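K.L.:
any chance you can model this:
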Amino acid sequence: MDKLKLHRTVIQQLQDSLHGLQQHMQQLIEDAANDSKSSVGDKHETTRAQVHLEQEKLSQAISNIEQQLQVMERLSVETSDIVRSGSVVETSIGWFYIAVPNLIIDFEGNKLRCISSGSPLGKLLMQKQTSERVVMNGSDIIIRGIW
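P.N.:
You can find the predicted model right below:
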């Protein structure tokens, strides 16, 4: 498992998402500026309010991705015998990258789920070693390998 390549892949996916959100935000700003030049009345005010809400949602999403990028910058790509932040863990239920939440990466023929160390499964896996077991929702999960 090439952890450095995986690390770079996750960072690139986050940067791509960030760029897309920033472009969408810029488009909203431009559309709002153009709309304010030509519209009046209640319909205009409703549209402005909707645009403002969309901008707030985008700002929050941008902030979340920026935080995830900061987490990725701090993660070690060194291998370890125990599960820690930055570990890639092969389990009986799949592959996990203990990094940032809510990403799925197709990598070297495997589907890796990125989870945070603070997620329910992340908490269970932390500090465990190969061949150890954890139980989540009544299911036995075996750690097959750690990178």
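K.L.:
residues contacting residue 24?
P.N.:
Contact analysis of residue 24 by CB atoms under 8 Å, 6 or more residues apart in numbering lists residue 58. Any C-beta I mention is one placed from the backbone N, CA and C, and that applies to glycine too.
K.L.:
and residue 135, which of the three is it?
P.N.:
strand (DSSP: H, G, I helix; E, B strand; the rest coil).
K.L.:
verify the stated contact: it with residue 141.
P.N.:
Yes. The pair residue 135 / residue 141 is scored as a contact, 7.1 Å apart, by CB atoms under 8 Å.
K.L.:
would you mark the buried spots in the longest strand along the chain?
P.N.:
The residue-count maximum for a strand in the chain (DSSP state E) belongs to strand 139-146. By neighbour count with 16 or more other CB atoms under 10 Å, strand 139-146 contains the buried residues 141, 143, 146.
K.L.:
next one: the first one from residue 120, what distance?
P.N.:
Taking CB to CB, to the nearest Å as the criterion, residue 141 is separated from residue 120 by 12 Å.
K.L.:
and the last one, by the same measure?
P.N.:
In this structure, residue 146 and residue 120 are 19 Å apart, going by CB to CB.
K.L.:
please apply the same query to the second one.
P.N.:
Remark: distance between residue 143 and residue 120 (CB to CB) = 16 Å.
K.L.:
how many other residues sit next to residue 121?
P.N.:
20 (other CB atoms under 10 Å).
K.L.:
now do the SS call for it.
P.N.:
helix.
K.L.:
list the residues that contact it.
P.N.:
Residue 121 neighbours (CB under 8 Å, 6+ apart): 96, 115, 134, 136, 141.
K.L.:
how close does it get to residue 113?
P.N.:
Between residue 121 and residue 113 the computed distance is 9 Å (CB to CB).
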